[in-house]
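> generate coordinates for the sequence data below:
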Amino acid sequence: MSIVPDPIRAEHNEPPADEHVRPYVYQDQARTVRALHFSLSEIQSRMRMDDPDGLDLAYTQRMMGFLLWQPRPASIALIGLGGGSLVKFCHRHLPGSTLRVAEINPHVIALRDDFGIPPDSARLRVVCQDGAVLVRDPPQRFDVLLVDGFDWEGLPDALCSQAFYDDCAGALTDTGWLVANLPSSASQPLFAVHVARIRQTFGADAVLVVGDGERGTNSVVLACRNAQALRRPGISTRRPAGFDVGAWAALQPAMDAVRAALGAHQSEIGLA
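Residues are numbered from 1 along each chain as shown. Below you'll find the model as predicted:
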């Protein structure tokens, strides 16, 4: 287990470990699935035992939509570790990327071995840190920022404020992408407020909302520093060089959803 102590956390007087809710690991009787929960009603992360580095939940697949524009990111930051689905997938399939993960709950980090999250290395660093602090004072600018930080109460206020999204933009390179998982069911009236904040930061033409179809529980929002990226008439559908063929094929339903959202977005702004 490798937990990197972070001096910024102490400096900002973050709550001690015992103030964080302890998640638990659920495994079905057939031992085919392992999941991370804060409560029985909601899954934080899910791993198939026969494909531990795969993306089992549909929203995580849609979060990889940035690959259509940024197929070879040099640096990726992730806010929220969970069961490590996104970090494991990126670590395996994007070998040219360095990965930095900010996870505020030390009890979540303590379960990293249960989900096969690789140890820290020259490419990967998991830090016990508030994600809002990471983007407010980033150690570098990132090509991609994946925000999937939830606690037992849902989406923390610190990870969806206007200041947070402004800081996210400042933590990205000039061609960087923010990808955020947001609850969007009918019981989440603040979804529109969160999307409006992202549009306020990046500009309406630079924000793409990808719903999750019939379920309607989560939507993925992609926002780019370069607004022209979403105005281009065509995007590549080719598999990134070196990307595993099977993994790329498994992503195609999600990529189709991103392309469909892009087509609707371009129609709305008069480009199609």
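
> okay, CA-based contacts and neighbour counts for the rest of this
Will do.

> contacts for the longest helix seen in the chain next, please.
Taking DSSP state H as the criterion, the chain has its longest helix at helix 245-268. Identification of contacts with helix 245-268 by Cα atoms under 8 Å, 6 or more residues apart in numbering yields 54, 58, 61-62, 65, 68, 208-210, 230-231, 239, 272.

> same question for stretch 141-157.
So stretch 141-157 is in contact with 21, 38-39, 44, 63, 66, 73-81, 103, 131, 159, 168, 170-173, 175-183, going by Cα under 8 Å, 6+ apart.

> which of the residues in stretch 50-59 are buried?
52-56, 59 (16 or more other Cα atoms under 10 Å).

> whoops, stretch 239-258 was the one
240, 251, 254-255, 257-258.

> next SSE after the helix or strand of the chain with the lowest mean pLDDT?
Using mean pLDDT, DSSP states H and E, the weakest-scoring helix or strand in the chain turns out to be helix 7-11, at a mean of 30. Per DSSP states H and E, helix 7-11 leads on to strand 24-27 as the next helix or strand towards the C-terminus.

> can I get the longest strand seen in the chain as PDB, trimmed to CA atoms?
When the chain is parsed with DSSP state E, its longest strand is strand 172-183. C-alpha atoms of strand 172-183 as PDB (Å, rounded to 0.1, in the frame of the first residue of the first chain):
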ATOM      1  CA  LEU A 172      -5.600  22.500 -17.900                       C
ATOM      2  CA  THR A 173      -3.300  23.000 -20.800                       C
ATOM      3  CA  ASP A 174      -4.500  25.200 -23.700                       C
ATOM      4  CA  THR A 175      -5.900  22.200 -25.400                       C
ATOM      5  CA  GLY A 176      -7.000  20.400 -22.200                       C
ATOM      6  CA  TRP A 177     -10.300  18.700 -21.400                       C
ATOM      7  CA  LEU A 178     -12.400  18.600 -18.300                       C
ATOM      8  CA  VAL A 179     -14.600  15.500 -18.000                       C
ATOM      9  CA  ALA A 180     -17.100  15.500 -15.100                       C
ATOM     10  CA  ASN A 181     -19.600  12.900 -14.000                       C
ATOM     11  CA  LEU A 182     -22.700  14.600 -12.700                       C
ATOM     12  CA  PRO A 183     -25.900  13.200 -11.200                       C
END
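
> and the spatially most central residue of the chain, its phi and psi?
Residue closest to the mean C-alpha point of the chain, counted by Cα atoms, centre = their mean, is Leu146 at 3.2 Å. Main-chain torsions, Leu146, degrees, to the nearest 10: phi -100, psi 120.
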